[in-house]
Every structure is written in C-alpha cells, then in structure tokens.
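K.L.:
The following block contains a protein sequence and its predicted model.
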Amino acid sequence: MNHNVEVPASVPGMCLEALARHAKEDALCLKKEGLWLRISGDAFIARVRAVALGLSSLGVRKGDRVALLSENRPDWSVVDLAILSLGAVNVPIYTTQAPDQVRFILEDSGARLLFVSGKKVFRHARPGVDPVALENVIFFDTDAASAREGSLTLFELEQRGAELDRAGPEAFGRVLNSVAPADLATIIYTSGTTGEPKGVMLTHEAFASNVLTISSALPIRPSDIALSVLPLSHIFERVVFYVFCWNGVSVAYAPSFDVVGEYLREVRPTIMTAVPRLFEKVFHKIVKKGTSAGGWRSGLFNWALGVGQRYAEHVDRGETVPPLLEIQQEVASRLVFSKWREGVGGRLRFFVSGGAALSPVLSYSFLGAGVKILQGYGMTETCIVSANRPEDNRVGSVGLPFPGVEVRVDAEGEILVRGPNLMSGYYNHPAETAAVFTEDGWFKTGDVGRMDERGHLYITDRKKELFKLSNGKYVAPQLVESLIKQSQYVSQVVVVGAGRKQPVALIVPDWEALSSALPTPQAEEHTQRVAWSRSAEAVKLVQRDVSQLTAPLADYERVRRVALLPEDFSIDGGELTPTLKVKRRVIDEKYSGLIEEIYNGAG
C-alpha cells in the first residue's frame, strides 16, 4: 500500500502524522453510559501532545520507563503515544497480572511512574504497587485518585500539558523529532509459562517496520471499522492498533470479552482481531442456538453446517465445487448463514486470529458461513511474522511471512525468524538474549513447524511442550487439544502423558451443554459441578465425544481416557498466564494425583 508519504522515524510520529492526514471524526470510539462517543483524529492528537508535555513537566525524559496498567480504552492509546513521543519507554502490565508479578515488573524495569485506569484495577494490583518506590501514580478515572495519597489524575496532567502546549507549541515537536528509530519504545514482559517473566525490548524501528510490511500485504482501508477487544498490553493488539492508525481505520474499544456479542452488533466492524477462545465461544453459542430449536429447524441447521464445511474444504483446497454443492451452499447461506453473519455485525470482511492454533473444523465452519478467519503468527520477541491473506487463505496454516520478514525451519523442525521486526534483547539478561539468537541473527522461536511448497507456514507445537510417550513417540499436545475443543461438552482441555503409553485429557466441561444432555444434580452450583465431574455418566458422555474427535490421529496420539474438573483453569489459580496460555508444569503438579488415578483406572 503506497501512501506516498515520507515515513516518520518513530511510532508516535507515524501515528500522529496518519491521524492528521486521515482527519477522521471517529478515529476512536468508546461506549459510556450506554452511548457511543466519537473522538476525532484532531482531538486524539491534542490529547497525546498534552499528556506528553504533562509528563515532561514531571521530569520524564528520554529512556525513562513509565508503566501502564489498564484495560482497553482510548486513554491507553493516548498515554502510550504520549510516553513514546518523549522517547520514554512504555512498560505495559496486564490488569490480570498477579500482584507479585506487578511488583516484579515495576522493580525490574525501574519504572518511575505508573498509570492506572481505575479503582477496581488498582485494588487488585495494590499489594504489588505499594512496596515500590514510584515517583507518581496517575489515574485515568478521576474518582480513583483518592485511593492513593499524592496521586494525580490524567485530567490534571492533561490540563497542565495543554497549557504548556499553548504557551510554546514548538516544545512538543522538539521532543518528538529527537526520537530515533533505534531508540527503545517498550519493554513487554513475557507471560512466563516457565519461571520469572523476562522484559522484551522493542525499538521504534521494530514496530514501524512491522506496521509498514503488514499494511503492504493486507487490504486495510480508511473506510474500515475495527473492534478492539484483545488487551493492548499484548504485542498482537498493540501492533494492530498502530496498523489501524497508519491506515486510517476507525477503532471502537471493547473493555472485555463479556460485551463482544453486543458490541459486534452495534459497531458492525469490517475487520477485527481475535483469539481462538473467542471463536470457540461464538461457535458453541451458534450451534447451541441452531440445534435447540428442535424439529425441522435443528435438521436444517445441521444440514447447513455440513454443507458449509464441505463447501469450504473444496474452496480451501482449490478444487472445483460440484454444481449440486454450489446450489446447496446458496440455500444454506440464505436460510442459515445469513443470521450467522448478522451475529458478527453483517459486514465483516475478515477476522485475523492469533495467539494459539484454531481448529480446522472451526475454520471451515466459519468459512462456509461466509466469515473469513485469517490465522496469523507472532511472538512478543518478533512482533507479527506472518498471516494468511484474504485471497490466499490456507486453513491450518498461519499464512505467508510478511515482506522483509525471513522465516526458515531448521533441521530439528524449529522455526527461525530474522528481520527488523525482532526484539533487541531481554532487558538486563544478556545471557538469555544470546541463547535465543543464532550467530547470524536468526531468532529461535521455540515453535516447531513446517513450510509448504508455496511458503505457507504451519505451526505444529511448542518445542518445549512436545512430550515423549513410553514407546518413544512424541505427542504435540496443542494439536490434540484443538481437536478436542470442537466438542460442545468441552470448555477447556489440557492433554498430558509424558512417559506414559497413551495421552489422557483433563477437561473443564461446558456446564450448560452437560445440563442439557444429562439430568442436573439437585445442589448449589459448585456442589453440582463437583458431582458432575465425578459422575460416570458425564465422564462417559465426554469421553465418547473425545474418542470420536481424536480418531483421525495416529493410534498412539488418540485420547481414550478423560477426567472432568469442577474448576476452570484460571490466571488466579496459577494454571494460565495473563495471555491465557496454559502453564503445563503447574497443571502436571497440581493434578498429579488425578492423572495417576486416570492411568490406574485404565487397567
């Protein structure tokens, strides 16, 4: 995509130039007290300038670290670009991060100041914030400032900065122009599925090069409207926001997954980024609605689902669609899939999915319904490496690498990446940095995969997560889990089995689906779940589904035994990272007794 403009040297330079160029009335949108509010590009620029100068008046200088703890909202992006405009370094923290990790990140990064969204987020993080010697805490919500003595509000900071901007408008330009491509923009702490989090250092150039290469490869237009729901503290959504800015896309913010259904219908986005968990939830909801109608309606739904999947498989393989299937697809589209498309707003051009593998059945189901999901791939250390293109979407693959990003698979099957998009290292960890780079500058991702003859990348698993059975064969748990997640009875699943004859699965059931299939135990909710997780009937029902879904795998990979868990895997419980990745070692330890039981019962 050629914008015929000189690309500024820094991330804020890029974003502010583009916001001024596109001059949109609805650059950003948020919902407040039931109403959608629009923020123009000009208003957004003015806020960034004011916050930057306000920070400057507090003594924030180039290279200083400033931490940011907030859910998704326009203030997050305003503050992010303001920090970067000074050449300071943004240290984002997840709102779900445990207090001891919040403390670790603040101390390890040497953050001088902390921005916090509101009371609820601060209450959760406070035990980690209070022991740290911060110069200031700045709250987005004015009513939250009373929670900590001597703190500031974002409004006060902006007022101070706006006065300085009026008095000397050239001051902002001076600091912005001193930011160079090689300057550090952010330290993002990886979620640490193993051990302490490490701070990934990314420069302005890493982000800017990634924004330009993604913009050249994907059809993203100023007429697009996006719904932003993934945490901006995560590399995926952060890069995507800069891409949207650069291309003049209007961005509406969703503060949490709970409101996504409602916001999709109201915002009616044309493009959106999401994670597989979101698609799994949407899919199970649609299937439940379609099959609970009963009688001929349920029959029609199931028929349409089958037709759509067969049609999508033909299209995906580049095969000619048989004439009869073509006609059936048109009928299914009109009678069933049109409602599905309306459910995601009715004008979505494509979703981009990242963060984890998306099961092929889910991809084919959405594709058959006329909803394109383009899988992509990246890591905190690499920004966004690859994605499928709307006109070249291979189900099961994470697409083609973006121009200028080199990808190869080494002799052991590990994926290596090289390019300007890579991190400059782990903060204060030179030995760990050296360990993940080859001598000629390739980053070792720790992911195992392959490339097809046309250059599409396929991820098979994390190198560290492959486990060896007693027969010497290796199992890729994520692949098996993605198949099991297709079951309507499964909400979460972890496959284990290192050193055993066969893998088994620990499953958190979808309680609603179980209750519609089995008589419900008469008890309060938690006791009910415990009763179900021990019920032979419930285990058998889920086990039967799992056996069928894993039947296409090699005999040694199939899951024939399952255990049901009454509690969800969660961040608070320590089984998930803030990016919802499974901590397998924790689960192995926590459920070692139960795992032993499954195997002993296997006879």
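P.N.:
Yes, it's here.
K.L.:
Backbone torsions only: list them for R310.
P.N.:
Phi and psi for R310, reported as degrees, to the nearest 10, are phi -60, psi -40.
K.L.:
Could I get the contacting residues of it?
P.N.:
Counting by C-beta atoms under 8 Å, 6 or more residues apart in numbering, R310 touches 325, 368. To be clear about C-beta, it is placed using only N, CA and C from the backbone, and glycine gets the same treatment.
K.L.:
and if you look at N210?
P.N.:
By C-beta under 8 Å, 6+ apart, the residues touching N210 are 239, 383-384, 402, 421.
K.L.:
mind redoing it with 6 Å?
P.N.:
Neighbour list for N210: 239, 383-384, 421 [criterion: C-beta atoms under 6 Å, 6 or more residues apart in numbering].
K.L.:
you'd agree Y311 is in a helix?
P.N.:
Yes - counting by DSSP: H, G, I helix; E, B strand; the rest coil, Y311 falls inside a helix.
K.L.:
The spatially closest residue to it that is not a sequence neighbour in helix, strand or coil?
P.N.:
In space, Y311 comes closest to Q329 once its chain neighbours are excluded; the distance is 4.4 Å by C-beta to C-beta, 6 or more residues apart in numbering. When classified by three-state DSSP, Q329 comes out as helix.
K.L.:
cool, and D568?
P.N.:
Three-state assignment for D568 (three-state DSSP): coil.
K.L.:
Provide the strand pairings for the helix or strand that contains V385, with the direction of each partner.
P.N.:
V385 is part of strand 383-387, with elements assigned from DSSP states H and E. Strand 383-387 pairs in its sheet with strand 373-379 (antiparallel), strand 400-401 (antiparallel), by DSSP bridges.
K.L.:
Tabulate the ones you listed in CSV, adding columns for mean neighbour count, distance to G343 and mean pLDDT.
P.N.:
CSV is the format used below for the strands paired with strand 383-387 (neighbours: other C-beta atoms under 10 Å; distance: least, C-beta to C-beta, whole Å; pLDDT from 0 to 100):
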stretch, mean neighbour count, distance to G343, mean pLDDT
strand 373-379, 24, 14, 94
strand 400-401, 22, 30, 97
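K.L.:
for the stretch 301-450 of the chain, what spans make up the strands?
P.N.:
350-353, 373-379, 383-387, 400-401, 406-409, 414-418, 425-426, 443-451 (DSSP state E, counting those that start in this stretch).
K.L.:
just those: most buried one?
P.N.:
The highest mean neighbour count among those, using mean count of other C-beta atoms under 10 Å, belongs to strand 383-387: a mean of 26.
K.L.:
So what touches it?
P.N.:
With C-beta under 6 Å, 6+ apart as the criterion, strand 383-387 contacts 206, 210, 239, 374, 376-378, 398-401, 405, 417, 421, 457.
K.L.:
Please name the residues that touch the closest residue to F402 other than its chain neighbours.
P.N.:
Leaving aside its sequence neighbours, F402 sits nearest to T213 (C-beta to C-beta, 6+ apart; 4.2 Å). Listed by C-beta under 6 Å, 6+ apart, the contact set of T213 reads 402-404.
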